[in-house]
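Colleague: everything below, folded, please.
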Amino acid sequence: MELEFSGAIWHWRGPAPFHFLTVPDDECDRLHEVARAVTYGWGMVPVQARIGATTWQTSLWPKDGRYLLPVKDAVRRAELIDLGDTVTARLTVAAPG
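Modeller: Numbering: from 1, shown residues only. Okay, the predicted model is just below:
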């Protein structure tokens, strides 16, 4: 399954800070259809993500019925992304392993 969506980068200041892109509701609905087949635990969905020219392996985090795409610092640096910037992400859902 492949998805493409845009959104604003936001920051969570927990004990281990992360930057995220929230997956929109329509794409979350599509992900819910395949999540059981690909999750490796805690509802995490493995994906290959791409923003701009940067591609990386990660997992979508489930949160309140939606999914969050963690955006690594290396990706933000490579693509010159700042907090609040709107970016387009392309995801390919992949089975774990």
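Colleague: other SSEs contacting the longest strand along the chain?
Modeller: Ranked by residue count, the top strand of the chain under DSSP state E comes out as strand 54-63. Counting contacts by 3 or more Cβ pairs under 8 Å, 6 or more residues apart in numbering; DSSP states H and E, strand 54-63 packs against strand 45-51, strand 66-70, helix 73-78. For the C-beta atoms, the positions are set from N, CA and C on the backbone; glycine is no exception.
Colleague: closest to the centroid, which residue in the protein?
Modeller: L69 (1.8 Å; Cα atoms, centre = their mean).
Colleague: which residues does V23 contact?
Modeller: L3, F5, G7, L31, L60, R66, Y67, L68, L69 (Cβ atoms under 8 Å, 6 or more residues apart in numbering).
Colleague: hang on, the earlier thing: what's the mean pLDDT across the longest strand of the chain?
Modeller: The average pLDDT within strand 54-63 is 95.
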